[in-house]
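Peer 1: Based on what follows, work out the 3D shape:
(one chain, ligands or ions: 2)
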Amino acid sequence: MRRPVPEGEFDLIRRLFAPLAAGEPGAFGLADDAAVLLDTDFVVTKDLLVGGVHFPKGEPPGRAAKKALRANLSDLAAKGAKPFGYFLGCVWPKGTTAGDIEALAAGLAEDQGAFRLSLLGGDTTLHVDKGGPLTISVTMLGLAPRDGLIRRNGARAGDDVYVSGTIGDAGLGLRAASEAKFLRGTDARAQLLDRYRAPTPRLSLGGALAGVAGAAIDVSDGLVADAGHLASASGVAIDLDAARIPLSAAAAEWRDGEGDPAAAIAYLASAGDDYEILFTAPATRRRSVEMAGQVTKTQITRIGAVRSGAGVRLIGPSGAVIAVERSGYDHFSE
Ligand code: ADP
Ligand code: MG
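Peer 2: Ligands and ions are numbered 1, 2, ... in the order given. Just a heads-up that it's a prediction; the model follows:
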């Protein structure tokens, strides 16, 4: 009999893949955003995007390709690394036209210019079965910052917890992409869709945080889930102050229309695809953190604290813990 997968994505990685990486210290036990090639300056990360999972099936290929690059760039940003170049693997749907592939290449060219990186190699194949979706796999190389990579495991009890930008926009953007009626006719709808389709990797902020932040992770699965990954890698607990979580005007407008504000914030804090940087720093570093935000013109908000223990709590304005049903995206638990 075929066995279903009994565990979530991250337990699966820990059980089956982490042992395969045990011989190489630069792989960090598969418990970080990227690996380093020891004795070189290179940092490597990989993200795979599948039509119908990470972007809608009819998405223009150029837009999907940009999202693939940006998801990888976000991992480099969270480590303080600078982009260098990437390898590209594409599996095209049956019936793909030259125009589709040209559109993908044009999207890549645009982002290569924006982020100053070069294609280094890859592989291209075509699905033989009907319905096989466009699949884009990117392996991205970056250069480590001089002060050393910002790891996930450097958070200590007593540290402050910060996040860049705003949280939850992409999750609402996904709703807008899949529900025609969602916030129909509002400016908010267009803004949220844009945040979902074209995330902004926080590369300059990441670079400025090297040597300042104790630990960092990019928020791809969901704020609470990724805080959990950082906490578990560091062996600490994290408390997030729900009222401090930064929201865009569009997301705040959506929250205000919801009946239960605590449930609304829990939703935004677990929606994923934000591609912001969640990081920690000792309280003595507050001025340096502020400077990093100013120099790179990036919004930074202090949203919580690290304490000893394990796990993540989302604390409401009354001091009560807000229940988070599903802290973020897990491909094997959906
Ligand atoms: P991120 O969201 O930062 O890209 P993921 O959540 O995709 O990271 O993965 C978590 C960790 O598990 C990373 O260190 C990643 O390299 C590793 N990982 C995920 N899938 C695999 C796999 N199939 N083989 C090896 N390592 C993997
Ligand atoms: Mg990451």
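
Peer 1: same question for stretch 53-69, mean pLDDT?
Peer 2: Average pLDDT, stretch 53-69: 95.

Peer 1: What of stretch 187-204?
Peer 2: 95.

Peer 1: Show me this structure divided up by domain.
Peer 2: 32-143, 160-315 (automatic domain parsing).

Peer 1: which one of those domains is the most hemmed in?
Peer 2: Counting by mean count of other CB atoms under 10 Å, domain 160-315 has the highest mean neighbour count of the domains of the chain, with a mean of 20. Yep, even glycine has a C-beta here, placed from its N, CA and C like the rest.

Peer 1: Measure how far that one is from the centre of its chain, please.
Peer 2: 10 Å (CA atoms, centre = their mean, to the nearest Å).

Peer 1: Over to stretch 119-135?
Peer 2: With CA atoms, centre = their mean, you get 24 Å for stretch 119-135.

Peer 1: Quote the end-to-end distance of that stretch.
Peer 2: End-to-end span of stretch 119-135 (CA to CA, to the nearest Å): 17 Å.

Peer 1: list the contacts for R15?
Peer 2: Applying CB atoms under 8 Å, 6 or more residues apart in numbering, we find R15 in contact with E7.

Peer 1: check whether stretch 61-77 contacts ligand 2.
Peer 2: Yes. Counting by CB under 5 Å from the ion, ligand 2 has neighbours in stretch 61-77: D75.

Peer 1: any chance you could map the helices in this structure?
Peer 2: 9-12, 61-78, 98-115, 169-178, 187-197, 203-209, 223-234, 249-256, 261-268, 286-295 (DSSP state H).

Peer 1: can these go into JSON lines with extra columns for distance to L149?
Peer 2: As requested, these are exported to JSON lines (distance: least, CB to CB, whole Å):
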{"stretch": "helix 9-12", "distance to L149": "21"}
{"stretch": "helix 61-78", "distance to L149": "10"}
{"stretch": "helix 98-115", "distance to L149": "19"}
{"stretch": "helix 169-178", "distance to L149": "25"}
{"stretch": "helix 187-197", "distance to L149": "27"}
{"stretch": "helix 203-209", "distance to L149": "10"}
{"stretch": "helix 223-234", "distance to L149": "13"}
{"stretch": "helix 249-256", "distance to L149": "31"}
{"stretch": "helix 261-268", "distance to L149": "29"}
{"stretch": "helix 286-295", "distance to L149": "16"}
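
Peer 1: Up against ligand 1, what does the chain have?
Peer 2: 13, 17, 30, 32-33, 47, 75, 220 (CB under 6 Å from any ligand atom).

Peer 1: Tell me which two in those residues are the farthest apart.
Peer 2: Across the residues of the chain next to ligand 1, the longest distance by CB to CB is 18.0 Å; it joins F17 and S220.

Peer 1: coming back round to it: just put the domains of the chain in CSV and tack on distance to R2.
Peer 2: Shown next, in CSV, are those (distance: least, CB to CB, whole Å):
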stretch, distance to R2
domain 32-143, 20
domain 160-315, 27
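
Peer 1: Quick one: closest of those to E9.
Peer 2: Here domain 160-315 is closest among those (CB to CB), at 8.8 Å.

Peer 1: first to last residue in the closest one, what's the distance?
Peer 2: First-to-last residue span, domain 160-315, CA to CA: 15 Å.

Peer 1: which residues sit in contact with the closest residue to I13 other than its chain neighbours?
Peer 2: Among residues not flanking I13 along the chain, L30 sits closest, at 5.7 Å (CB to CB, 6 or more residues apart in numbering). Counting by CB under 8 Å, 6+ apart, L30 touches 13-14, 17-18, 21.
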